[in-house]
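J.: turn this into a model:
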Amino acid sequence: VSKFTKTGTLVWSTYMTAGIVRDIDVDAQGNVHIAPTQSKMANPHLTGNAFQKTIAGGFDGMYVKMSADAKNILYGTYIGGSGDDGTGPAIRVDAAGNAYWNGTTKSTNFPTKNAFQGTYGGGGDVAVVKFAADGTLVYSSYVGGAANEATETHGMALDNAGNVYTAFTTGSNDITTKNGFDSTFGGGTVDGYVAKISPTGQLLAATYVGGTAGDTVQGIAFNNKAQQVVLSGLTSSAGMTT
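T.: Below is the predicted model of the structure:
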């Protein structure tokens with residue numbers, strides 16, 4: 001992990017023993033928030049106040065918060081259950097320093113709290129987790145149906161109100177929808193899906209995005225000025241809504 005000035009001068013650079021660092025964000029104080037992928041080894045970046053201090057089984061996700069000068073790990077925790085967790089993780093941080101982690105889980109016992117979906121849907125779900133600035137777990141929830149859900153590192157966005165938007169590809173025809181424009185699975189093998197989750201972990205809105213053939217969601221952003229969610233992906237559907 002390295003920091004450069006705006007003119008390209010190296011400020012600091014450090015090793016991390018954390019597998020592959022898939023995503024990174026910076027808070028208002030300059031602290032660096034990091035989402036490594038699929039850890040299966042003892043990790044030196046855990047802290048005493050971690051909510052999960054040991055690997056629960058298989059691969060686990062991780063969340064690490066590093067000080068602005070890179071000299072201290074302020075917070076480090078595993079995230080996972082007894083299955084494989086943490087593929088395609090994303091990390092985002094809001095103006096108050098709350099951190100949001102988004103990734104996949106194949107664990108029936110993934111740690112949940114204040115969840116709108118407290119049980120594993122099956123086949124592989126997405127999980128969305130919020131940490132307070134001090135590392136306290138605010139909420140953690142499954143998002144998924146009976147088939148497989150797959151997300152990418154660029155599959156999560158925040159708005160200025162602290163709502164989180166998770167976007168992924170799903171093969172489930174039974175995944176929860178709410179207040180969305182499309183409440184039914186379009187057909188083919190997979191559809192896109194996007195959900196809006198409140199600052200306290202409630203599902204505010206969710207919809208399928210897809211036509212009659214295979215459709216995937218690859219990226220998401222939020223336009224705070226226009227209050228709009230913007231998605232990108234791939235479709236094989238001639239009848240995709242335009």
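J.: and residue 184, what does it touch?
T.: For residue 184, the contacting residues are 173, 208, by Cβ atoms under 8 Å, 6 or more residues apart in numbering. For glycine as for every other residue, the C-beta is placed from the backbone atoms N, C-alpha and C.
J.: any idea how far it is from residue 207?
T.: Distance of residue 184 to residue 207, computed by Cβ to Cβ, to the nearest Å: 10 Å.
J.: what do you get for residue 123?
T.: Residue 123 is 20 Å from residue 207, by Cβ to Cβ.
J.: which one's more surrounded, the two?
T.: residue 207 (19 against 15; other Cβ atoms under 10 Å).
J.: from what I can see the more buried one touches residue 176, true?
T.: No: between residue 207 and residue 176 there is no contact under Cβ atoms under 8 Å: 10.3 Å.
J.: quick one: buried residues of stretch 123-134?
T.: Neighbour counts over stretch 123-134 (16 or more other Cβ atoms under 10 Å) mark 124, 125, 126, 127, 128, 129, 130, 131, 133 as buried.
J.: for the first one, which non-adjacent residue is spatially closest?
T.: It stands for residue 124. Spatially, and ignoring its direct neighbours in sequence, residue 124 is nearest to residue 148 (4.4 Å; Cβ to Cβ, 6 or more residues apart in numbering).
J.: list the contacts for residue 58?
T.: Residues in contact with residue 58 (Cβ under 8 Å, 6+ apart) are 40, 80, 82, 83, 84, 85, 106, 107.
J.: export those as TSV, with columns for secondary structure and distance to residue 138.
T.: Shown next, in TSV, are the contacts of residue 58 (DSSP: H, G, I helix; E, B strand; the rest coil; distance: Cβ to Cβ, whole Å):
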residue	secondary structure	distance to residue 138
40	coil	27
80	coil	18
82	coil	23
83	coil	23
84	coil	24
85	strand	19
106	coil	23
107	coil	20
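J.: what separates stretch 167-184 from the chain centre, distance-wise?
T.: Put simply, stretch 167-184 sits 17 Å off its chain's centre (Cα atoms, centre = their mean, to the nearest Å).
J.: I'm done for today, thanks for sticking with me.
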